[in-house]
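S.K.: Got a predicted structure here, sequence first:
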Amino acid sequence: MKIMRRFRVWMLLVLSLALLLPAGCGQTEKTAPEKLKIGILPVEDIMPSVVAVENGYFAQENIDVELVRFQSAVEQGNAMQSGQLDGMITDLVVSTLLKDSGQDLKVTSITLGSTPEEGRFGIVAAPKSVIATLEDLKGKEVGISNNSIIEYVTDGLLEDGGIDPSQVSKVSVPKIPLRLEMLFSNQIDAIAVPDPLLTFAEFKGAKIIAQDTERNLSQAVVAFNQKTLDEKKGAVEAFFRAYTKAVDDLNNHPADYKKLMIENVNIPEPIAEDYQVQHYPKPQVPTEENVNNILEWMTKKGLLKTNLNYQDLVEKI
C-alpha cells in the first residue's frame, strides 16, 4: 500500500510539472526596447527613417528610435560630439571632419546617392544671367558653403567641365536661403545647391549650368558612434531591418508618402505639390572609390589632421 501511495504522489507531481512546463517554456519575456537617438535635418535623406517610425517598423523590431531634429548641420554635429546622439544622418564630408576631430564614429550606410540620379546637386546661374556654361563661370562669383559637400560637388563639377576651381571666385554663403536670395537679387553670379532647392531655383527661372546626375559626387549617409556599434549592435541591426522595409514602401508606393515628405522635408511651397519622392537605396556602405575621392579632396584642401582611410570611416553592419 505504501508503495502504491508513493507511486500516486509521484504521478501527480509528474502531471503537475507537465501542465506547468508548456506555459513556462512556451513564453519568453519580452525585453524592454533598446533606445537609439538619431540626429536628422529637414532634408530628403531622412525619409526612410521617418517612414519606419510612422509605420511602426522600429517598434516591430523592439527598438525605440527617436529622431532628434536639428535645423543646422553645426547643431547636429555638436550634439553628436557631446554624446547626445547614437547616430546621425549626414554626409561623407561631415562624417570625415568629425572622425578627424576625434569623434569615434563609422559610416554604416548610404541614405541617398547609390546612383548619380539620387540626391541631385547642381550649379545654377541667375535667371537673367548671360552665364550658360561652366566655361562662362571663369572669374565669376559662385555661392557655396566652404569645406562642405557643397564645395566638394562644386569642385567636382568644375573639374569635370575642364575648369580649375581656382579660376572661379567661390564665395562662402553657408545659409542656403540667403544663397538663393542673393542669386535672385543678382548679388551673385551663380550658386551651388542640392534638391529640392535646385528644382525650386529652376522653377524660379534660374539656369542649371551643371549637375551631378552623370558622375556620383554627392552621398548622404548614416553614421553611428563606435560605442553604439559595440554596445548596441543588435539594435543597429534591427534599425536597418526596419529601414529596409521603409525603403521598399517608399520605392513601391511613393505617392502614399508625399504628404509625409512635405511635413518633414523643407520643400518650398510653390513646388511642394509637384515635387516627387526620391528613389531610395537599400542599406549599403559607400564604395571605397567614393570615400577615397572625398579623402583626397579634403587632404588637398588641408582639412584633415590625421591620415584616414576607408576602413577608419566605414563599417558594414
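M.R.: Done, it's in.
S.K.: Tell me how many other residues surround residue 86.
M.R.: Residues near residue 86, counting by other Cβ atoms under 10 Å, number 25. For every residue, glycine as well, the C-beta is placed using N, CA and C.
S.K.: any idea which element residue 199 lies in?
M.R.: In this assignment (DSSP states H and E), residue 199 forms part of helix 197-203.
S.K.: how about that helix: buried residues?
M.R.: By 16 or more other Cβ atoms under 10 Å, the buried positions in helix 197-203 come out as 197, 198, 199, 200, 201, 202.
S.K.: Let me have these in CSV, adding pLDDT and distance to residue 236 as columns.
M.R.: Shown next, in CSV, are the buried residues of helix 197-203 (pLDDT from 0 to 100; distance: Cβ to Cβ, whole Å):
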residue, pLDDT, distance to residue 236
197, 96, 31
198, 96, 32
199, 97, 33
200, 97, 35
201, 97, 37
202, 96, 38
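S.K.: ok, these vs residue 251, which is closest?
M.R.: residue 199 (19.7 Å; Cβ to Cβ).
S.K.: so what's that closest one up against?
M.R.: Each residue near residue 199 by Cβ atoms under 8 Å, 6 or more residues apart in numbering is listed here: 271, 275.
S.K.: How much space separates it from residue 294?
M.R.: Using Cβ to Cβ, to the nearest Å, we find residue 199 at a distance of 25 Å from residue 294.
S.K.: Kindly report the same for residue 181.
M.R.: In this view, residue 181 and residue 294 are 29 Å apart by Cβ to Cβ.
S.K.: For the two, work out which one has more neighbours and name it.
M.R.: residue 294 (22 against 14).
S.K.: Looks like that one contacts residue 152 (just checking).
M.R.: Yes - taking contacts as Cβ atoms under 8 Å, residue 294 lies within contact range of residue 152: 6.6 Å.
S.K.: any shared contact partners between those two?
M.R.: In contact with both residue 294 and residue 152: residue 93, using Cβ under 8 Å, 6+ apart.
S.K.: one step back: show me which of the buried residues of helix 197-203 is closest to residue 39.
M.R.: Ranked by distance to residue 39 (Cβ to Cβ), these are led by residue 197 at 20.9 Å.
S.K.: how many neighbours does the residue nearest to the closest one when sequence neighbours are not counted have?
M.R.: Excluding the flanking residues, the one nearest residue 197 by Cβ to Cβ, 6 or more residues apart in numbering is residue 176, at 5.9 Å. A count of nearby residues for residue 176, using other Cβ under 10 Å, gives 17.
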